[in-house]
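> pasting the structure only:
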């Protein structure tokens, strides 16, 4: 397996594309459909004697354009099979439009969040300019589901559905080569995974704004983090930056980050009073720009929704959230293995 790093100035930074070469040439993710990134991927593949026309299989971790953008172009050149979880497939095969590309859905969502006109116009201008460049060519997808397995040059890739960041986010679990094994005695020997954006080495993946289709985005993501802890992978190969040498610990760290953020939301409502999603987002993150105008209120909405489902807050007809009790026990909302883990 080879890792090819690509530039990315739009989202989380440096994208990772993973190559399996042999009788079958396969890619895990493709990078974004920008000329500079296309050239980087073509150059990285060419150093290994491979062109777009040689690719047989593409395994996508989720639908976001910085992971799927070049899939259609590669498929057009090679006839490659493009596999993606069934929940995300419609967003890259053209049968559905995401919030990033649907002005009517944007209006409804931004109204629901209470987003003012000025940041709304800035975000819509940003999305209009960016998505025109990033969309990429149409993709004929082959939907996959949790538990399916595929063998690539003797390596078995098992699909693990880990929703939250998107509805169809997956990891591809595999048995690693011996020279990459962790020496930790508390882990199953050799199990690793390509994880896309489910966990990242530096950032906490956005929930709520990254895919507004996800029901109970924070609760769903917490379950995915718990699953990573329980699986005990030795190493994770994310969609950005560098490998994660202790995925369970990283998942537990991200879970704790969300517990603290939920506490901040509660403190905000307790100290500064009831508020809509946009106001809570401003209290948490301050002024935002470009894609963060979407991700900030999306994240705030995910936490408020989680609190509402637990009966801690209530929302009125104007979209304003208020606490139902004083000083609620936020820890009780996160009784998960990821928080209890001592990895």
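Everything's here; your move. Since the structure is predicted, the reported quantities are computational estimates derived from the model, not experimental observations.
> contacting residues for residue 202?
Contact partners of residue 202, counting by Cβ atoms under 8 Å, 6 or more residues apart in numbering, are 240, 241. Bear in mind the C-beta positions are built from the backbone N, C-alpha and C, glycine included.
> Three-state assignment for it, please.
Using DSSP: H, G, I helix; E, B strand; the rest coil, the structure places residue 202 in coil.
> residue 334 reaches residue 257, doesn't it?
No. With contact taken as Cβ atoms under 8 Å, residue 334 and residue 257 are classed as non-touching, separated by 10.9 Å.
> who has more neighbours, the two?
Just comparing residue 334 and residue 257: by other Cβ atoms under 10 Å the higher neighbour count belongs to residue 334, 21 against 11.
> and stretch 22-31, what's buried?
25, 26, 27, 28, 29, 30, 31 (16 or more other Cβ atoms under 10 Å).
> next one: stretch 153-173
By 16+ other Cβ under 10 Å, the buried positions in stretch 153-173 come out as 155, 157-173.
> quick one: end-to-end length of it, please.
Here the two ends of stretch 153-173 are set 15 Å apart, with distance taken as Cα to Cα, to the nearest Å.
> same question, stretch 78-98
Stretch 78-98 has its terminal residues 27 Å apart, counting by Cα to Cα.
> what lies in contact with that stretch?
Contacts with stretch 78-98, where a contact means Cβ under 8 Å, 6+ apart, come from 52-60, 62-63, 68, 71-72, 74-75, 105, 138-146, 150, 159, 161, 163, 166-170, 211, 213.
> mind checking which of these are in strands?
Judged by DSSP state E, the contacts of stretch 78-98 include 57, 58, 59, 141, 142, 143, 144, 150, 159, 161, 170 as members of strands.
> which of those residues are buried?
57, 58, 59, 141, 143, 144, 150, 159, 161, 170.
> which parts of this structure are strands?
According to DSSP E, the chain carries its strands in the segments 2-6, 15-20, 26-28, 57-59, 81-85, 141-144, 149-152, 155-161, 170-175, 191-196, 235-238, 313-315, 321-323.
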